[in-house]
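Participant: Below is the sequence, then the predicted model.
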Amino acid sequence: MAGRLDGKVAIISGGATGMGGAASILFAAEGARVAIVDINEAAARETVETIRAAGGTAEAFAADVSDEAQVQAAVTRATEALGPVTTLFNHAGTIVIKPFLDITVSEWDWLHAVNVRSMFLMTRAVLPGMIAAGGGSIVCTSSISAVYATPMEVLYDTTKGACHMFARAIAVEFRDRNIRCNAVCPGFIRTPHGLREVKDLQALGVDVSDEALAAQQGRIGEPEEVARAALFLASDEASFVNGAQIFVDNGFSAA
């Protein structure tokens, strides 16, 4: 059976671990040649070895995706190694959980750089080659936090709201050049990021206990479940899905 990404070259930012790592492994298993761009070079190389051991093709490129020069260098090297990029998964991101009045200007600027500027830089670096190759698909990791606010997450929620609209606006501007752009919006997921979010929120008195999560979304999600949604959006199976947000939250956003 042919893989859903056969013949595609995919760059995955933040593709070393967690949901990004699951996506790197899944995209490669579905036939893509995968370039992992991540600040954690050791973890990226470990994921590359996992992919290669399973018969896939992957390369790792260390970069701070909030830095323009590093992003451009990583995309150039990935293209030279694997070919024209036709799939981009803008997954890199992190979180700051603090009372709003305790957030510093430097923290505000830093999280916007990691979560939002990174999408701008990665997409801007990839788009010219993607258009020249005849088109492609971009997937951005947003969050339930783009539309459902959580106490102590004003900064994080704001960055994810920007990710949400970034995907929609790119879709509208580049649709007629055969570019699709969609967002995947995870709920609480069992990753280092997700488990730290739960721990930090609980420490600040926000109820994200097992019982609360069960009421909101049935259970905690698994990284592979988000990766499968991203795979669909990246693949030609989603050829008429553009500017959409797919919530991977088991009904959290439906309540």
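Facilitator: Okay, I see it.
Participant: Quickly find the element holding Tyr156.
Facilitator: helix 154-174 (DSSP states H and E).
Participant: Against which helices or strands is that helix packed?
Facilitator: helix 105-112, helix 118-132, strand 136-141, strand 179-186, strand 245-248 (3 or more Cβ pairs under 8 Å, 6 or more residues apart in numbering; DSSP states H and E). From N, CA and C alone the C-beta is placed, and that goes for glycine too.
Participant: and the longest one, average pLDDT?
Facilitator: If you average the pLDDT over helix 118-132, you get 98.
Participant: Pull the distance from that helix to the chain's centre.
Facilitator: Centroid separation for helix 118-132 versus its chain: 15 Å, with Cα atoms, centre = their mean, to the nearest Å.
Participant: Go through that helix and flag the buried ones.
Facilitator: Residues of helix 118-132 classed as buried by neighbour count (16 or more other Cβ atoms under 10 Å): Ser118, Met119, Phe120, Leu121, Met122, Thr123, Ala125, Val126, Leu127, Gly129, Met130.
Participant: Could you tell me how far the nearest residue to the second one once chain neighbours are set aside is located from Arg190?
Facilitator: Take Met119 and drop its neighbours on the chain: the residue closest to it by Cβ to Cβ, 6 or more residues apart in numbering is Asn90, 4.5 Å away. The spacing between Asn90 and Arg190, counted by Cβ to Cβ, to the nearest Å, is 22 Å.
Participant: What of Tyr148?
Facilitator: 19 Å.
Participant: May I see the helices and strands packed on helix 154-174 organised as JSON lines, with distance to Gly15 added?
Facilitator: Below are the helices and strands packed on helix 154-174 laid out as JSON lines (distance: least, Cβ to Cβ, whole Å):
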{"stretch": "helix 105-112", "distance to Gly15": "20"}
{"stretch": "helix 118-132", "distance to Gly15": "11"}
{"stretch": "strand 136-141", "distance to Gly15": "11"}
{"stretch": "strand 179-186", "distance to Gly15": "14"}
{"stretch": "strand 245-248", "distance to Gly15": "17"}
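Participant: Could you tell me which strands the host helix or strand of Ala10 is paired with, and in which direction each runs?
Facilitator: Applying DSSP H and E as the criterion places Ala10 in strand 9-13. Using DSSP bridges, strand 9-13 pairs in its sheet with strand 33-38 (parallel), strand 87-90 (parallel).
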